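> Mind folding the following:
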Amino acid sequence: MRIITVLALIAFTHAAMAETLDIKEGAWEVTSTLAIEGLQIPPALLQSLPDEQRAQFERMDGRPRVERACVTQKDIAAGFDRFDKQSGCTRNTGVSTPRHFEAGIACTGLFTGTGAARVDAPSPTRVQGAATLEGMLGNMSMTLDARWLSASCGAAKK
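Predicted coordinates for the structure are as follows:
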């Protein structure tokens, strides 16, 4: 689920090209949780989903996941635009400063619903955030705690 890790870090760390959080590019360690309260999918339906969608649902168990991600200047410049294109979600930015970001979220498709995201970057090497989405599948919540490791991505996934 590397794509979720990178999207979470990028989506939660960059509002728009004009105003981004003040963070460093390079290798990041991302600890995230993703859960849907009350979600019950029949096993036969889960098995019938395409591999990528099935993996997304299986990851929504609320357990922390720790992954490494490589964030480039290109990723930073793309910011939320990359998240919007791959998630089926759009955002309405409420507050955007170099240290804090808040937005409303509206999603369509599999994750139809509305919610909110909040992100804090207390320093260029730390990002913390949370998002909620009330949708047709239940109440989804995500948390993110990321720390910068180095300017060189090395073994971090691109």
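> okay, CA-based contacts and neighbour counts for the rest of this
OK.
> ok, Ser152 to Ala69 distance?
To Ala69, Ser152 is 11 Å away according to Cα to Cα, to the nearest Å.
> Show me the common contact partners of these two, please.
Counting by Cα atoms under 8 Å, 6 or more residues apart in numbering, the residues touching both Ser152 and Ala69 are Ala27.
> Who has more neighbours out of those two?
Ranked by neighbour count (other Cα atoms under 10 Å), Ser152 and Ala69 place Ala69 first, with 26 against 14.
> Please tell me how far that one sits from Ser150.
For Ala69 relative to Ser150 (Cα to Cα), the value is 11 Å.
> okay, and the common contacts of the two?
Residues touching both Ala69 and Ser150 by Cα under 8 Å, 6+ apart: Ala27, Trp28.
> pLDDT below threshold where in the protein?
The chain contains residues with pLDDT under 70 at 1-19, 39-40, 76-87, 155-158.
> all helices for it, in order.
Taking DSSP state H, the helices of the chain run over residues 2-13, 43-48, 51-59, 73-87.
> Can you tell me what sits against stretch 137-148?
8-9, 24, 26-39, 111-112, 125-134.
> From the residues you listed, keep the buried residues only.
8-9, 24, 26-36, 111-112, 125-134 (16 or more other Cα atoms under 10 Å).
> from these, which ones fall inside strands?
26-36, 126-134 (DSSP state E).
> Spit out the contact partners of Arg118.
So Arg118 contacts Phe12, His100, Phe101, Glu102, Ala103, Gly129, Ala130, Ala131 (Cα under 8 Å, 6+ apart).
> swap in Leu149?
Gly26, Ala27, Trp28, Glu29, Thr125.
> ok, now Thr125?
Ile23, Lys24, Arg147, Trp148, Leu149.
> right, and the second one touches Arg126 too?
No. Using Cα atoms under 8 Å, Lys24 and Arg126 do not qualify as a contacting pair, with a distance of 9.1 Å.
> ok, the most far-flung residue of the chain relative to its centre to Gly38 distance?
Among the C-alpha atoms of the chain, the one most distant from their mean position (Cα atoms, centre = their mean) is that of Ala44, at 27.9 Å. Shown here: Ala44 relative to Gly38, a distance of 18 Å by Cα to Cα.
> Might one say that Glu102 is in contact with Gly129?
No. Applying Cα under 8 Å, one finds Glu102 not in contact with Gly129, separated by 9.6 Å.
> what do those two both touch?
Shared contacts of Glu102 and Gly129, defined by Cα under 8 Å, 6+ apart, comprise Ala117, Arg118, Val119.
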